[in-house]
Every structure is written in C-alpha cells, then in structure tokens.
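Trainee: would you be able to build a 3D model of this:
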Amino acid sequence: NNLRGSKSLIAQTWASFQKVHSRPVDFPSIVDDREDQIYGALVQNVKGENIYTEVNGIGDYDTRYSRFLKQKPFLNVASSSSAVQIAGGSQFNRIAPVIVQMKDVSDMVLMDTLLNQQDRIGNIHYKFVWYSLVDGEIQVDKSDADLNKKREVIISSQEKSAMAAKNAVLVREMYLKDNDCGVSKSNNMRIHSALEKVRHMSYPTYARFMKLAKSIDLPDTRNYFMRELLFTSSDFAGLTQNVKKAKEILLGNCRNSSLSFDVDIEDYVPGAAIKSKTCEI
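Mentor: I've put the predicted structure just below:
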C-alpha cells in the first residue's frame, strides 16, 4: 500500500514481481518447471556488521563515487608508495589492518568494474576480527560474532588480555551485503576510472582474473553464464567488454611496474617464501 501509485524504482520492481507471480508460465527463464519457485541464490545475512564509513565517506548520494575516491582507503590503494611505507612498517600487528583493508578495496573495485555495479558506495560494511601469528601461521579469530558491532567499545578485558598474549591485532574485514544494481546497470567504477587508479592488488586476485580473461571468449564460458547465471546475451556481451577492458588496464599497469602485488597478508609472515609474481598468466 505504501508504494501504490508510486513511480519509484522499488515500486516498479515490485510491480514486475507481481507480474511473475500472476503468470509464472510467461517467465520460464526465472521460474522452475512446476511454476511455483523462482530461481535465485540465498546468502548468509551477516549480523552485527558496521557501516564502513571510512571507505564510503559521508555526503550526498549523487557524489558518493567521487567521494569514495578521496577517502584514505582508496587513496592508499592508489598510492605509489609501498604497502609497508603506507602501514609505517612491516611488523605483523602494524601492517595487517592496513593491507587487509587495501586488498578488500582493490578486490571490490575490480569486481564492481566487471559487474557494472551502480550502487556500491554507501552499501559497504565490515566486522572486526582478530588476526594473530601462531607457530608461523595466520590465525583468524571470529568468536563472539554476534557481539561484533562496535567491537572496539564492547570488547571485554578478558578478551583483550587473551589476544594481547597472542600479539593479536584487531582487523576490519569487508562485507558486501547489498549486491543488486549490477550487470545491466550503469558501471560507476568505469565511469570514474577507478580501476585505472589502482596501484596495489592481491596477486591471487590478479591471477584468477587473468584466467577468467583467457576463457571469456570460449563457448563454455558463455554457456555457463547464460545457462547457470541466467545472463542474457546483452548481459554477457557487457561482461566480456568489461573483462577485456580490465585486462588491458591491469596488464598494462603491471607491465609498466605501476601495479604492486603487495597486499596478501601471507607474504608478511616471518620467513614466508614469496612466490614468483609475473604479469603474464
């Protein structure tokens, strides 16, 4: 009733859903053969999360992307300084919070560039977790998840003592809960040339993306996206264009040494064997 007569996007979306509900036989691409279930995906609804204001910034909706590019987390990702220089040292408790955030931001920029994300900024959240080194391995402690909100305020003295004994550091891990407004929407990361500005990236992220770029023209890839993910021909054509543009940007920046693969936390474990990282994959 609140949307009756409204021309808002939400009202239009619910009107479309009503059409499907009224005549499911007309929508075979999203309704199963019995015509009583709609295809979709269920994901965990993370609880106790915080709005990632440090990444989103605060301000008008219309300027949210230009604002995001001016926030410190993105400026770190766009910086020509090394991750160690940005963090102020390579000690685990100093660098872990910085590079986890940098990796999260650069991963997000790439993903949203590929998927035409129109409405990410303002919809970014995080939760606090403990990172520590135990016998040369990274240990992540996500206990008391339901009490996570405003954790720096509610953390107990007992937990502080326990984590201090492990030399643990409190780290923000990013969560992207609101993932509509993609694929067929305006690509705000491309409009603002965000990926071109990225100077730090996870090497596994880069390697997996390059494998996708190699396979994007294969019939099996197209079939998978259209059959399993219900992409239309237009959707897949847009994804293909985005993948090829992203490859051009990242490969070019890697070849001219303006892209650093220095935000993988495993590389900062004392004694870690750093694997070879090449542009060509």
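Trainee: only C-alpha atoms from now on, for both contacts and neighbour counts.
Mentor: Noted.
Trainee: gap between stretch 115-122 and the chain center?
Mentor: 10 Å (C-alpha atoms, centre = their mean, to the nearest Å).
Trainee: check stretch 87-97 too.
Mentor: In this view, stretch 87-97 has its centroid 22 Å away from the chain centroid, taken as C-alpha atoms, centre = their mean.
Trainee: mind listing what residue 241 touches?
Mentor: Residues near residue 241 by C-alpha atoms under 8 Å, 6 or more residues apart in numbering: none.
Trainee: for residue 115, see how far away it is.
Mentor: With distances taken as C-alpha to C-alpha, to the nearest Å, residue 241 is found 10 Å from residue 115.
Trainee: which stretches of this structure form helices?
Mentor: Using DSSP state H, the helices of the chain run over residues 9-22, 53-56, 64-68, 72-77, 83-87, 92-114, 151-154, 157-165, 188-191, 194-197, 203-215, 219-227, 233-255.
Trainee: in TSV: those helices, plus mean pLDDT and distance to residue 31.
Mentor: Formatted as TSV, the helices of the chain follow (pLDDT from 0 to 100; distance: least, C-alpha to C-alpha, whole Å):
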stretch	mean pLDDT	distance to residue 31
helix 9-22	86	8
helix 53-56	96	36
helix 64-68	96	35
helix 72-77	98	40
helix 83-87	98	48
helix 92-114	97	27
helix 151-154	70	42
helix 157-165	84	49
helix 188-191	96	31
helix 194-197	98	36
helix 203-215	98	29
helix 219-227	95	13
helix 233-255	97	19
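Trainee: which one of the ones you listed lies nearest to residue 177?
Mentor: Nearest to residue 177 among the helices of the chain is helix 92-114; the distance by C-alpha to C-alpha comes to 12.3 Å.
Trainee: what about that closest one, distance to the chain center?
Mentor: Distance of helix 92-114 from its chain centroid, counting by C-alpha atoms, centre = their mean, is 8 Å.
Trainee: by how many degrees do that helix and helix 203-215 diverge?
Mentor: Inter-element angle recorded for helix 92-114 and helix 203-215: 20 degrees (by axes from the mean of the first three to the mean of the last three C-alpha atoms, to 10 degrees).
Trainee: report the buried residues of helix 92-114.
Mentor: Residues 92-93, 95-114 are the ones in helix 92-114 that count as buried (16 or more other C-alpha atoms under 10 Å).
Trainee: residue 198 is in contact with residue 80, isn't it?
Mentor: No - look at residue 198 against residue 80 with C-alpha atoms under 8 Å: they stay out of range, at 9.4 Å.
Trainee: neighbour count winner among those two?
Mentor: Ranked by neighbour count (other C-alpha atoms under 10 Å), residue 198 and residue 80 place residue 198 first, with 25 against 16.
Trainee: residues touching that one, list them.
Mentor: 77-79, 106, 259.
Trainee: tabulate these (CSV), appending distance to residue 121.
Mentor: Putting those into CSV (distance: C-alpha to C-alpha, whole Å) gives the following:
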residue, distance to residue 121
77, 16
78, 17
79, 20
106, 14
259, 24
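Trainee: go through these and say which is closest to residue 10.
Mentor: The shortest approach to residue 10 among the contacts of residue 198 belongs to residue 106, at 30.0 Å (C-alpha to C-alpha).
Trainee: excluding chain neighbours, what is closest to the closest one?
Mentor: Once flanking residues are discounted, residue 106 sits nearest to residue 201: 5.9 Å by C-alpha to C-alpha, 6 or more residues apart in numbering.
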